[in-house]
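Undergrad: Show me the folded form of this:
(chains A and B)
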Amino acid sequence: MITTTGLTKVYRSRGREITALDGVDLHVREGEVYGVIGQSGAGKSSLIRCVNLLERPTSGTVTVDGQDLTALAGPGPRAGRQLREARSRIGMVFQHFNLLSSRTVQDNVELPLEILGHSGRERSRKALELLDLVGLADKAKSYPSQLSGGQKQRVGIARALAGDPKVLLSDEATSALDPETTRSILQLLRDLNRRLGLTVLLITHEMDVVKTVCDSAALMENGRIVESGTVSELLATPGSELAAALFPVSGAASGEDRTVVDVTFHGDAATQPVISQLSRTYNIDISILGAAMDTVGGLQVGRMRIELPGRFEENVVPIGFLRERGLQVEVADTAPAPAATTVPGPAATAAVSAPVAKEGAK
Amino acid sequence: MTWSEMRPLLEQACWDTLYMVGWSTAISIALGLPLGILLVLTDRGGLLSSPLLNKVIGQIVNITRSMPFIILMVALLPFTLAIAGTTIGRDGAIVPLAVGAIPFFARLVETSVREVDGGLVEAVQSMGGSVWTVVRKVLVPESLPSLIAGATTTVVALIGYSAMAGSVGAGGLGDIAIRYGYMRFENELMWITVAILAAVISLIQFAGDYAARSLHRRGRGGPAPRLRLLKAVPKDPVPEPVPTKTL
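TA: This next block holds a predicted model:
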């Protein structure tokens, strides 16, 4: 639905060049919620602004719904008619809502329809319908300043949906909101994604946002995408920073002769009670040091840090057992453990070969 | 001078002043508003970024503004003659008054429009709005209270300028004050003109402030009073009810 290839953005100011985007290949499938996460300055904002060409990319192409937007852009800085039409089919919500303070809530939602040239009656019908959809039907005549942050963002979302877009871009939409309001806005986005089949590209610096709503995620650093894929693909990738951040586990070995192992659950393997099977089969005591689990689509996904008695050498067989069950096992790098890296085992190759999709090819 | 002698003089002078200020205000708003917006749009990083054009307009505005009005008036004589067909009287005064006030108002417009949050511009662009849409739906409505305040300042400045125009035969209250008050030592008449000017300026300032404030309040959580210039202001503004935060 959204594809960028080799997207580069270089800002020039007073002779200095700052590379905000450095060859970004992004591929967002139709109907999914895709999160781009990264610290401030990583280039997330530039990326999302390049998708609807609010920022002109220095090089590279952006395709949304099969339409090459970069080709529509034309040479000058002004957006031509075709680009403006394309933009009207891409909704966008902003961190600071960006509602016009001089217009009522309803008039704010009608604004995109005015731009599209709809008649007055049709505009108000559509606006009220959308306000109802976001749960603000009773606030139509209020001014934005009379609303709370969460309500303002709901208006922002209603406005973004006015042009019946297939794609919604969310620029840190929840970053100015408190945790509870954030959850309700994310819930709304999820809901809209399911009900309207809306493709959502969101950027955020909050891992929780990705965990709550995203089907896929990408991690950005210094203008590049360093990891990307669906949440379970990421989990399947040994050493994935994003997976570690999404499902953080911690806890250190309780003694010298203990082996600490991180087990990642994803896919079908996660349905079996492997830990108790392991305990019974080898008659060993297992302590769970930490776990971050979630249920996504009926499957348990997440990571667990467990401690096995004895040094690593004594635990090769139990670890092999876990790998045979299709789990991904990494020996954790806790201070006293001599073996720091992933140890080859029967199923290790399978785990490694699960690809981190480097997307953008289609 | 008796009151019956002064009265027709003053009446005529009031109308002349109103006529000059009215027309020159209309012209300077009609031309100063687009000019001020153009100054913002053509600025570096603006929607119609064109540093060269911006510099040219900026320089013209600066030169016009740096000229004392009385000199501007004289310098514009040929231009005035070409446009208005005369260089004296009320019609002759409108041209230099407008020329003097256009850049003045344009600068005020520029400052007001610059205050508009860039995020709003971005939002309208993301909906597929053109530059013209941005101007019409965002820049002007969002800066309207501030624009009205600027227009009020311009009208007050124009009344001041119009008195100066009076000194070169344009008529109006300034003319009366100089010819009768200064040259013939009619102190009484002079003080009456001063009082009238003070009253007119106070009234305009009050009306402008009221309009700007009620527009501003409309967007800031109050009830929405429509713009009614001469409606009585409530003595004690009732504190606005704080909207309860619900979600």
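Undergrad: how about residue B:142, what does it touch?
TA: Shown in contact with residue B:142 (CB atoms under 8 Å, 6 or more residues apart in numbering or on different chains): A:100-102, B:116-117, B:120. No exception for glycine: its C-beta is placed from N, CA and C like everyone else's.
Undergrad: Among those, which one sits closest to residue B:214?
TA: If you rank those by distance to residue B:214 using CB to CB, residue A:102 comes first, at 12.1 Å.
Undergrad: Report the secondary structure element holding that closest one.
TA: Per DSSP states H and E, residue A:102 falls between elements, in no helix or strand.
Undergrad: quick one: it from residue B:216, how far?
TA: In this view, residue A:102 and residue B:216 are 9 Å apart by CB to CB, to the nearest Å.
Undergrad: hmm, back to that, grab the two from the contacts of residue B:142 that are most spread out in space.
TA: Using CB to CB, the contacts of residue B:142 span at most 11.9 Å, a distance reached by A:102 and B:117.
Undergrad: How many neighbouring residues does residue 88 have?
TA: Reading this off chain A. When neighbours are counted by other CB atoms under 10 Å in any protein chain shown, residue A:88 registers 21.
Undergrad: wait, chain B
TA: 14.
Undergrad: And for residue B:104?
TA: Counted with other CB under 10 Å, residue B:104 comes out at 20.
Undergrad: list the contacts for residue B:141?
TA: Contacts of residue B:141 were listed using CB under 8 Å, 6+ apart, and they are A:100, A:102-103.
Undergrad: Flag the least confident of the residues you listed.
TA: Within those, the minimum per-residue pLDDT falls on residue A:102 (90).
Undergrad: residue contacts, it?
TA: By CB under 8 Å, 6+ apart, residue A:102 lies in contact with B:141-142, B:144, B:215, B:218-219.
Undergrad: just those residues now: which is nearest chain A?
TA: residue B:219 (3.8 Å; CB to the nearest CB).
Undergrad: Let me know the pLDDT of the closest one.
TA: 60.
Undergrad: again, but for residue B:233
TA: Model confidence at residue B:233 (pLDDT) stands at 45.
Undergrad: With residue B:104 instead?
TA: 95.
Undergrad: give me the element it is part of.
TA: helix B:89-114.
Undergrad: picking that back up, could I get the contacts of residue B:142 as JSON lines with distance to residue B:127?
TA: Listed next are those as JSON lines, based on distance: CB to CB, whole Å:
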{"residue": "A:100", "distance to residue B:127": "12"}
{"residue": "A:101", "distance to residue B:127": "17"}
{"residue": "A:102", "distance to residue B:127": "17"}
{"residue": "B:116", "distance to residue B:127": "16"}
{"residue": "B:117", "distance to residue B:127": "16"}
{"residue": "B:120", "distance to residue B:127": "11"}
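Undergrad: Buried only: go through those residues for me.
TA: Among the contacts of residue B:142, the ones that count as buried by 16 or more other CB atoms under 10 Å in any protein chain shown are A:100-102, B:116, B:120.
Undergrad: re earlier: from the contacts of residue B:142, which is closest to residue B:154?
TA: Of the contacts of residue B:142, the one sitting nearest to residue B:154 (CB to CB) turns out to be residue B:116, at 19.6 Å.
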